[in-house]
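In: model this:
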Amino acid sequence: MSYLTHADLGGQPGFGAVTPEPEGELFHAAWEPRALALTLAMGATGSWNIDASRAVRETLPDYANLSYYQIWLGALEQLMLKRGQVFADELASGEMRHPAAPVARVLQAAGVPAVLAKGSPTRRPEAGPARFAVGQRVRMHRGKVDHHTRLPGYVQGKRGVIEHVHGAHVFADSNAQGRGEQPQWLYTVVFDEAELWGEDAPRQNLAVSVDAWESYLEPAA
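Out: As a prediction, this is how the structure comes out:
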């Protein structure tokens, strides 16, 4: 078995239909904007990277029972607990009971628009030529992975076609583990629905696109 995260729900039954929400409806409770603000502010301190935070979110043991911002807040608590930036007694009481831990940077209110506009680009210089080309058939890696991965479980071992080559990008798997960015070529791979779900599944004339790093791929026989 490969290591899968709680967020890797593709192809799993029992979650019901997707219910679209009105455009621009961002929050459902008064505390959710504060959870977002806390997450952004702590992310800007440089205490962890985006892949590390995503790994914690997607491996929360109660992930399936949490709302979107409950997942964000739960992950933030775990990240800060691990680094001594908050303590269990403070979370229980809702009060600060220990001296604040030093951080490398502090996001000031005036700087928020610029930080959000800049984002976190992941494109990096290429160290060598791409192994695969547009139109080439590939097979996704299948096998045991003992760490958080961005390779969806439902495409492991499946065959698809390279649709786009994106250049080299930060490799999320290694970056999440604190092993550095280790940039790799990134590709968009397109899969036929029958390849993913089987010939007996209801056909809807759909194709599924997945962005995949080079180490996820091998040439298809």
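In: Please enumerate the strands of this structure.
Out: For the chain, the strands defined by DSSP state E cover 123-124, 137-140, 159-169, 184-192, 207-213, 217-219.
In: for the record, mean pLDDT for stretch 209-221?
Out: Stretch 209-221 shows an average pLDDT of 95 in the prediction.
In: Mind listing what's buried along it?
Out: For stretch 209-221, the neighbour count (16 or more other C-beta atoms under 10 Å) marks 210, 212-214, 216-217 as buried. For every residue, glycine as well, the C-beta is placed using N, CA and C.
In: and if you look at stretch 44-51?
Out: Within stretch 44-51, the residues scored as buried using 16+ other C-beta under 10 Å are 44-45, 47-49, 51.
In: Cross these against helices and list the overlap.
Out: Applying DSSP state H to the buried residues of stretch 44-51, the entries found in helices are D51.
In: Which single one of the buried residues of stretch 44-51 is nearest to V134?
Out: D51 (26.6 Å; C-beta to C-beta).
In: Verify the stated contact: V145 with P152.
Out: No: between V145 and P152 there is no contact under C-beta atoms under 8 Å: 11.7 Å.
In: what about the residue lying closest to S215 once chain neighbours are set aside, distance to R123?
Out: If the residues on either side of it in the chain are set aside, S215 comes closest to Q184, at 6.0 Å by C-beta to C-beta, 6 or more residues apart in numbering. Q184 is 12 Å from R123, where distance means C-beta to C-beta, to the nearest Å.
In: which residues do those two both contact?
Out: 168-169 (C-beta atoms under 8 Å, 6 or more residues apart in numbering).
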